[in-house]
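Visitor: Need coordinates for the below:
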Amino acid sequence: MLDHLSVQCDDLPASRSFYETLLAPLGIKVAMDFGDTLGLAGPDGFPKFWLGKTTTGGPQREIHVAFTAADRATVDAVYAAAQELGVEILHEPREWPEYHPGYYAVFVRDPDGNNVEAVSHGG
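Guide: From the prediction side, this is the model:
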């Protein structure tokens, strides 16, 4: 349903390192690099998540972005990557039955303060 999402970053190299490491277990990597803008893609090779330098002024508001994980083990691998990065863990991997049975997710904070989730919808 979502074609693509772009977020502005205060420190693009730090955000690139964060997302490349965190999302590697999901098969997501930088597919396009325009210097001040990066397009990250999954196995299909089409960039759907974009990172760019901050270009608009004012306070940045937190966004929430959730990436689909194939299974619980992949969510756990994202959690391990977040621990390796030393980033803030908002919620360790667990099932969230209030969303629906089988909703298993981890939530972490990116370098710009955004809430990043990896979620598996399996049973």
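Visitor: Toward the C-terminus, what is the element adjacent to the lengthiest helix in the chain?
Guide: In the chain, with assignment by DSSP state H, the single longest helix is helix 72-85. Per DSSP states H and E, the first helix or strand lying C-terminal to helix 72-85 is strand 89-95.
Visitor: quick check: angle from that next one to helix 72-85?
Guide: 160 degrees (axes from the mean of the first three to the mean of the last three Cα atoms, to 10 degrees).
Visitor: Can we start the residue count at 803 from this point?
Guide: Renumbered: residue one is now 803, and that last one reads strand 891-897.
Visitor: in strand 891-897, what counts as buried?
Guide: residue 895 (16 or more other Cβ atoms under 10 Å). (Each C-beta comes from the backbone N, C-alpha and C, glycine too.)
Visitor: try stretch 853-867
Guide: 853-854.
Visitor: How about stretch 827-841?
Guide: 827-828, 830, 832-833, 840-841.
Visitor: Need the residues that contact the longest helix of the chain.
Guide: Residues outside helix 874-887 that contact it (Cβ atoms under 8 Å, 6 or more residues apart in numbering): 819-820, 823-828, 869, 871, 891, 894-895, 906-908, 910, 920-922, 924.
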